[in-house]
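Peer 1: Need a 3D model of the sequence below.
(chains A and B)
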There are 2 protein chains.
Amino acid sequence: MDENRRFLLVRRPEGAPVPEDFALVAEQIPSPPPSGIVVRNRYASLDPAQRGWMDDAPSYMPPIPLGDPVRATTVGVVHASDSPDFAPGQWVMGLNALEDYSVSIPGGFTMPIDIGLVASPSNYLSALGAVGLTAYFGLLETARPQPGETILISGAAGAVGSAVGQIGKIAGCRVVGIAGGEEKCRRLIEDYGFDAAIDYKGKDIEVLAAEIGEAAPGGANVVFENVGGTVMEAELFNLALHARVVLCGLISEYNSAEKVGIRNLWKVLTQRATIHGFLIADFADRFAEGGQKMAQWLAEGKLRMDEDVQDGLENAYDAFMRLFSGANTGKLVLKIA
Amino acid sequence: MDENRRFLLVRRPEGAPVPEDFALVAEQIPSPPPSGIVVRNRYASLDPAQRGWMDDAPSYMPPIPLGDPVRATTVGVVHASDSPDFAPGQWVMGLNALEDYSVSIPGGFTMPIDIGLVASPSNYLSALGAVGLTAYFGLLETARPQPGETILISGAAGAVGSAVGQIGKIAGCRVVGIAGGEEKCRRLIEDYGFDAAIDYKGKDIEVLAAEIGEAAPGGANVVFENVGGTVMEAELFNLALHARVVLCGLISEYNSAEKVGIRNLWKVLTQRATIHGFLIADFADRFAEGGQKMAQWLAEGKLRMDEDVQDGLENAYDAFMRLFSGANTGKLVLKIA
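Peer 2: Purely as a prediction, here's the structure:
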């Protein structure tokens, strides 16, 4: 590879991204700036949050500038270095972009990783990455489930959701997952050990709410929300008193230009529930602690995290859209090299 | 008065109640059941929660049965008693109904009150009642504002909202109120000491959100929500990091058959805010403490609570609808006798 292919954002998507919002270009491989490094990206994380960064709206991160490559967490190998702390050949993880080579000034998110601890370097983007730690801290530190409580999880077959369910079982809870389609529901039970699985597809709110009620007769003490929209409304009809809702994602809403909104917040009031906006960045100083625990559970066979590894920068658009079509099974990763 | 006029719910309202949903009938004055009392109601509290009790939906209280009088907190005088604890002539407060005489079995909500402490017995339905205590515990115990923080209040000219603002000032906060119309906004500043007032009427979400942003440049650390709907959406666009939203009421939504819903819960996520469903009943064991503090602030002139006293059971419907038209100024009370 003697060029740097870069997957650029060239137009801000309206609703669902279309191929014309992006362009794959080839540029020269960059040189490291003073004190900086150039990383040969090997795997990139594909996440719903990237859709938000494509909008020109203030958020916890600035929008991706038009003409820049799509921002992404990657793992890769130091290709060239002007930093005393990073030698060529060192494996690193950092906030880079969907491109072959990224320029990085160590000090921010860039950190060395030990790939000897994992089966694949991509594991640092799943169980030991933001996804696994989101499940860990979102459930255990934000919702604080007690043994015997019922945890309801939307987007349960996704990477975060399936980890939340498994951690919930480790915590001694009853775990109910909501997912789209029979196959995903089968995986919740057979692969991830959920107590019950509900297929939301083709069901209106009333039917979905009733099915949740059957699976969680006393209501949900904890809701781990990855989806939003009508699925969240059906969940809110099934809150136990003083339920804790972890608002981790709203993937059903990111691409909808006309948002319907949550119409039954009164259930939060009457059940005296709480909704907690959650971002993993708030737990940055405890990543080592969480990663250690996740690695331990992986090693003990108590935790399984599937990866959906798509191949090639030239397939970046199709790979990204798997997040929204429901096609991905497990943490979505793009293999760059 | 030798008859018992009763304001009955005869049909469940669809959307906004209409006069035909109710009937005023005259019955015989009841006699006390064993160990019970008959209360001559003098003042009744009119509250948005009553609208919810008119629906056939499970809530924190059972629906009002069709044919029963509309449930209401009242203050009155014991008319006849078979209870050793309540003599005729004793002033009491309790969960009764919109009627001249209510039968009550002491032990539940019924409690003796000392009207010598207040300017009018109706004060037990405002500053020393659920309204005042909702402001007290909702703000101080649920949102826990810190000196220097900004508190944003919707329905700010209402009984709860105006008390929240005044308690917020006592707590050393900047207080911004949202209300409907110039006159209410004037009262927020001049009568209740708010730092800023915003008139929401005739403004779309973008304009309202921008005006909130000007009044609360760093965002709101606390939102005290009485309204819901588009007003709440405009507020959520102005959350400070880690803001606390006290969900106390959603009055704009109670009468709307087609609810729009909250379409920007993603702001709660990105700001890592929390939403707390709040019901004053959860603080029942601390009512004495809160009432004492409210009485003290009233006596010190630090707190003002206006009452909108409407006269006569025969005007119960028109009086109740003042809650939803925005006509009431202060805690709405119906004088029965």
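
Peer 1: quick one: secondary structure of the residue nearest to A:Pro106 when sequence neighbours are not counted?
Peer 2: Leaving aside its sequence neighbours, A:Pro106 sits nearest to A:Ser83 (Cβ to Cβ, 6 or more residues apart in numbering or on different chains; 5.3 Å). Just so you know, the C-beta spots here come from the backbone N, C-alpha and C atoms, and that holds for glycine as well. Of the three states, A:Ser83 takes coil under DSSP: H, G, I helix; E, B strand; the rest coil.

Peer 1: Count the neighbours of A:Ser83 for me.
Peer 2: 19 (other Cβ atoms under 10 Å in any protein chain shown).

Peer 1: Kindly provide the distance from the closest residue to A:Leu98 other than its chain neighbours to A:Ala316.
Peer 2: In space, A:Leu98 comes closest to A:Phe7 once its chain neighbours are excluded; the distance is 4.0 Å by Cβ to Cβ, 6+ apart. Relative to A:Ala316, A:Phe7 is positioned 4 Å away (Cβ to Cβ, to the nearest Å).

Peer 1: tell me, what's touching these two both at once?
Peer 2: Counting by Cβ atoms under 8 Å, 6 or more residues apart in numbering or on different chains, the contacts common to A:Phe7 and A:Ala316 are A:22, A:24, A:70, A:98.

Peer 1: quick check, nearest of these to B:Gly228?
Peer 2: Nearest to B:Gly228 among the shared contacts of A:Phe7 and A:Ala316, counting by Cβ to Cβ, is A:Val70 at 36.5 Å.

Peer 1: what sits against A:Lys203?
Peer 2: A:Glu211.

Peer 1: just for chain A, where's the confidence low?
Peer 2: The model of chain A has pLDDT under 70 over residues A:1, A:254-259.

Peer 1: which residue does it bring closest to chain B?
Peer 2: In chain A, no residue comes nearer to chain B than A:Gly261, which is 2.8 Å away by Cβ to the nearest Cβ.

Peer 1: Pretty sure that residue sits against B:Val260.
Peer 2: Yes: counting by Cβ atoms under 8 Å, A:Gly261 touches B:Val260, with 5.9 Å between them.

Peer 1: More neighbours: the two, which one.
Peer 2: Comparing A:Gly261 with B:Val260 by other Cβ under 10 Å, the one with more neighbours is A:Gly261, at 20 against 16.

Peer 1: if you skip the residues just before and after it, what's nearest to that one?
Peer 2: Among residues not flanking A:Gly261 along the chain, B:Gly261 sits closest, at 2.8 Å (Cβ to Cβ, 6+ apart).

Peer 1: how about the strands in the stretch 1-150 of chain A?
Peer 2: A:4-9, A:22-27, A:37-45, A:71-81, A:91-97, A:101-104, A:111-112, A:150-154 (DSSP state E, counting those that start in this stretch).

Peer 1: these two touch, right, A:Leu9 and A:Phe22?
Peer 2: Yes: between A:Leu9 and A:Phe22 there is a contact under Cβ under 8 Å: 6.2 Å.

Peer 1: Find residues that contact each of the two.
Peer 2: By Cβ under 8 Å, 6+ apart, the residues touching both A:Leu9 and A:Phe22 are A:Val70.

Peer 1: so what's the spatially closest residue to A:Ile105 that is not a sequence neighbour up against?
Peer 2: Among residues not flanking A:Ile105 along the chain, A:Gly36 sits closest, at 4.6 Å (Cβ to Cβ, 6+ apart). A:Gly36 is in contact with A:81-83, A:103-106, counting by Cβ under 8 Å, 6+ apart.

Peer 1: Between the two ends of stretch A:84-100, how far is it?
Peer 2: 23 Å (Cα to Cα, to the nearest Å).

Peer 1: Same question for stretch A:142-152.
Peer 2: Its start and end residues considered, stretch A:142-152 measures 15 Å (Cα to Cα).

Peer 1: What about A:Gly172, how many residues nearby?
Peer 2: Neighbour tally, A:Gly172, other Cβ under 10 Å: 11.

Peer 1: quick one: it and A:Pro147 touch, right?
Peer 2: Yes: using Cβ under 8 Å, A:Gly172 makes contact with A:Pro147 at a distance of 3.4 Å.

Peer 1: Please enumerate the helices of the stretch 201-337 of chain A.
Peer 2: A:205-215, A:229-236, A:251-254, A:266-270, A:287-299, A:316-325 (DSSP state H, counting those that start in this stretch).

Peer 1: Deepest-packed of the ones you listed, please.
Peer 2: Each of the helices of the stretch 201-337 of chain A was scored by mean neighbour count; the highest is helix A:229-236, a mean of 23, by mean count of other Cβ atoms under 10 Å in any protein chain shown.

Peer 1: helices or strands next to it in the packing?
Peer 2: If contacts are counted by 3 or more Cβ pairs under 8 Å, 6 or more residues apart in numbering or on different chains; DSSP states H and E, helix A:229-236 sits against strand A:150-154, helix A:205-215, strand A:220-225, helix A:251-254.

Peer 1: how about it as CSV, C-alpha atoms only?
Peer 2: Provided in CSV are the C-alpha atoms of helix A:229-236 (Å, rounded to 0.1, in the frame of the first residue of the first chain):
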residue,chain,number,x,y,z
GLY,A,229,-38.9,5.6,19.4
THR,A,230,-41.9,3.3,19.6
VAL,A,231,-39.9,0.5,21.2
MET,A,232,-39.0,2.8,24.1
GLU,A,233,-42.6,3.8,24.4
ALA,A,234,-43.7,0.2,24.8
GLU,A,235,-41.0,-0.3,27.4
LEU,A,236,-42.1,2.8,29.4
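
Peer 1: thinking again about what came up before, neighbour count: A:Leu9 and A:Phe22, which is higher?
Peer 2: Taking other Cβ under 10 Å, A:Leu9 and A:Phe22 do not tie; A:Leu9 has more neighbours (24 against 20).

Peer 1: Chain neighbours aside, what residue packs nearest to the more buried one?
Peer 2: Nearest one to A:Leu9, counting by Cβ to Cβ, 6+ apart, is A:Ile64 at 5.0 Å.
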